[in-house]
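Asker: here is my input; please provide its structure:
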Amino acid sequence: MDTRLLIVDDDGRICLLLKQWLDAEGFVCQTVGGGAEALAMLSVQAFDAVISDLSMPGMSGLDLLVEVRQRYRHTAFLMATGVGDISSGIQAMKQGADDYLLKPFQLEAAVTSVQRALERRRLEREVENYRTHLEEMVRERTRQLYQVYDETLEALGAALDLKDGNTARHTRRVIHYCLEIARVMGFSDEDMQQLKWGACLHDIGKIATPDSILLKPAKLTPSETSVMWDHPSSGYELVDRVSFLSAAAQIVLTHHERYDGSGYPHKLKGDAIPLGARVFAVADALDAMTSDRPYRPALPFAVARDEIRRESGRQFDPRVVEAFFSLPEDTWVKLRENAEQDRSARIEAGAPLAQLFASGSSGS
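Answerer: Numbers count the residues shown, from 1 in each chain. Below you'll find the predicted structure:
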């Protein structure tokens, strides 16, 4: 492919001389008489390099250099300057020029400088392409790794549901509800991921709870209640050991706190409760009320929504409740249906939010 050069000088004789020399060396050259003309030419044609005089009326060579670097960062730029003005050529290189040419020109030196500048730009493009490819590869490997994390933690969450006497779909439903509320509230992708993992593992502390207490059909005694109330702290101690789950561990620890400070284990109040845990509280309550329980059938979504509204400011953060009610009842019904159908409920880390809900969120 031809190497295209744009020569910029208000002296037509110099333009012609350089063009003849460089054309003879195999380059394809065009000439213009000033910086404004050069920018106009660059806007309609691609050039591998610009050779510009330093001192020109109107736009100087340094002014042109600034514009070319901003608009055409892969184009090589060489500044032509007189022997007595070498310091200006050096200054031009500090501002982004690839090399400078001394007047009066010497053919061999000019060709060498052009080739050196072009090679520098070529190497920079190779490094940039390599870096871009490497970043894409890292993103893909990270996505795959997060998918494995998702699948593992979801399987663990489903197992915990069964141990607690719930259906294996309880966690998936709560995840769908959590992420929809978080989407409305503008959570970042990373915060969405940590919320999902926290929802998966919220009851992991019940591994240490005796089945005689966990599955007891009757009301718990005060001592049994005390043991049950230990499960958020037990779960936190397990999850916090995993570095990438540090934010999720906070959700595990605080998922039974209440906005008014009457929850457990630490009676945290208001914004002292992590936002992810406040979102989880609404999602978990919604699923609990709209699912069958041994002591009652599932409540209609309208009834559950009324209860969530009543508990705003007491059990639930009013801002989370507001986000919840910003979507119609049908949204939550469809999310429950999607969770029932989507057995994997996989959420790709770092994916656009539209993709996170492509499997059926009506809010997306």
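
Asker: just give the number of residues close to L275.
Answerer: L275: 18 surrounding residues under other CB atoms under 10 Å. Just so you know, the C-beta spots here come from the backbone N, C-alpha and C atoms, and that holds for glycine as well.

Asker: for the longest strand seen in the chain, packing partners?
Answerer: Secondary structure of the chain per DSSP state E: the longest strand is strand 76-82. Judged by 3 or more CB pairs under 8 Å, 6 or more residues apart in numbering; DSSP states H and E, strand 76-82 is in contact with strand 49-53, helix 61-71, helix 86-94, strand 99-103, helix 107-163.

Asker: strand partners of that strand, parallel vs antiparallel please.
Answerer: If you go by DSSP bridges, strand 76-82 pairs up with strand 49-53 (parallel), strand 99-103 (parallel).

Asker: what's near enough to touch the residue lying closest to D63 once chain neighbours are set aside?
Answerer: Using CB to CB, 6 or more residues apart in numbering and skipping the chain neighbours, the partner closest in space to D63 is G35 (6.0 Å). The contact partners of G35, taken as CB atoms under 8 Å, 6 or more residues apart in numbering, are 8, 52, 56, 58-61, 63-64, 67.

Asker: ditto for G96
Answerer: The neighbours of G96, taking CB under 8 Å, 6+ apart as the test, are 65-66, 69, 77.

Asker: so what's the residue nearest to H231 when sequence neighbours are not counted up against?
Answerer: Excluding the flanking residues, the one nearest H231 by CB to CB, 6+ apart is G205, at 3.5 Å. When contacts are counted by CB under 8 Å, 6+ apart, G205 touches 230-238, 252.

Asker: out of those, the closest to A199 would be?
Answerer: V252 (9.4 Å; CB to CB).

Asker: could you report the distance from that closest one to H170?
Answerer: Separation of V252 from H170 (CB to CB, to the nearest Å): 16 Å.

Asker: neighbour count winner among these two?
Answerer: Legend: neighbour count by other CB under 10 Å for V252 and H170, higher for V252 (29 against 22).

Asker: shouldn't the more buried one be within a strand?
Answerer: No - counting by DSSP: H, G, I helix; E, B strand; the rest coil, V252 falls outside a strand, being helix.

Asker: okay, it: pLDDT?
Answerer: Per-residue confidence (pLDDT) for V252: 96.

Asker: how close does it sit to D240?
Answerer: Distance from V252 to D240, by CB to CB: 8 Å.

Asker: likewise for R173?
Answerer: Separation of R173 from D240 (CB to CB) stands at 26 Å.

Asker: likewise I204?
Answerer: Counting by CB to CB - I204 and D240 are separated by 11 Å.

Asker: so between the two, which is more surrounded?
Answerer: A direct count of neighbours by other CB under 10 Å for I204 and D240 places I204 higher, at 23 against 15.

Asker: just to check, the more buried one is in contact with L156?
Answerer: Yes - counting by CB atoms under 8 Å, I204 touches L156, with 7.1 Å between them.

Asker: can you list the low-confidence ranges for the stretch 151-300 of the chain?
Answerer: For the stretch 151-300 of the chain, applying pLDDT under 70 flags the ranges 159, 161-168.

Asker: can you map out the helices along it?
Answerer: Per DSSP state H, counting those that start in this stretch, the stretch 151-300 of the chain carries helices over the ranges 170-185, 189-201, 211-214, 222-228, 231-239, 246-254, 275-289.

Asker: which one, of those helices, ends up nearest to Q106?
Answerer: Closest approach to Q106 among the helices of the stretch 151-300 of the chain (CB to CB): helix 189-201, 57.0 Å.

Asker: tell me the confidence at A354?
Answerer: Looking at A354, its pLDDT is 33.

Asker: kindly report the same for the one 3 residues further on.
Answerer: Reading off the confidence values, F357 has pLDDT 34.

Asker: before we move on, back to that, any idea which of the strands paired with strand 76-82 is most buried?
Answerer: Comparing the strands paired with strand 76-82 by mean neighbour count (mean count of other CB atoms under 10 Å), strand 49-53 ranks first with a mean of 27.
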